[in-house]
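Chemist: Requesting a structural model of the entry that follows:
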Amino acid sequence: MRNWSRAPKRKGRIEIIPMIDVMMFLLVFFVLLSVNVIPALGIKTQLPNSSQSQSLKTPVKQVVVSIGLDESIVVDGASVTIATLSQAVRTSARGAEKVSVILNSDKGVAVQRLIEVMDELKAKGWDSMSIAARRREGQAS
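Modeler: Below is the predicted model of the structure:
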């Protein structure tokens, strides 16, 4: 009589490499999603070009006021009217002692609308304003 040896039973194993692959995929997915969602808070503007544009380096709180082609005004992602503009800037400043307002206007916006926004802010006591511009290509600093 011949004795056949039985094959040993294999125990189930948890494969770690496919699990790491899935976790890396999820990590990359959420990082890319969060990077693309953050800039979508405001309105898209095409900044005007300037050969004299400079980097703004201020130690004070910066509040961005965007003016769109349809004359809409957005303060740090929230749509406002000209009447509520100053209050919205004050809310975005969150009680900071010094605030610098950056006017992010599309290059197609009428100059009159930009002046209206600046006049409203100046009348309410906001003195530190800067107009955002893109450095013209081919210009040295």
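Chemist: Tell me, how many residues neighbour Ile16?
Modeler: Per other Cβ atoms under 10 Å, the neighbour tally for Ile16 reads 8. (Glycine included, C-beta is placed from N, CA and C.)
Chemist: Please apply the same query to Gly77.
Modeler: Neighbour number of Gly77 under other Cβ under 10 Å is 13.
Chemist: where's it relative to Ser105, distance?
Modeler: 16 Å (Cβ to Cβ, to the nearest Å).
Chemist: what do you get for Gly125?
Modeler: Using Cβ to Cβ, Gly125 is found at 21 Å from Ser105.
Chemist: When the two are compared, which one has more neighbours?
Modeler: Taking neighbours as other Cβ under 10 Å, Gly125 and Ser105 compare with Ser105 leading, 25 against 8.
Chemist: pLDDT below threshold where in the chain?
Modeler: Filtered on pLDDT under 70, the chain yields the residue ranges 1, 36-47, 49-59, 138-141.
Chemist: quick one, phi/psi of the closest residue to Ile131 other than its chain neighbours?
Modeler: Of all residues not flanking Ile131 in the chain, Leu103 sits nearest, at 4.9 Å (Cβ to Cβ, 6 or more residues apart in numbering). Main-chain torsions, Leu103, degrees, to the nearest 10: phi -90, psi 110.
Chemist: And for Ile73?
Modeler: According to degrees, to the nearest 10, Ile73 has phi -120, psi 130.
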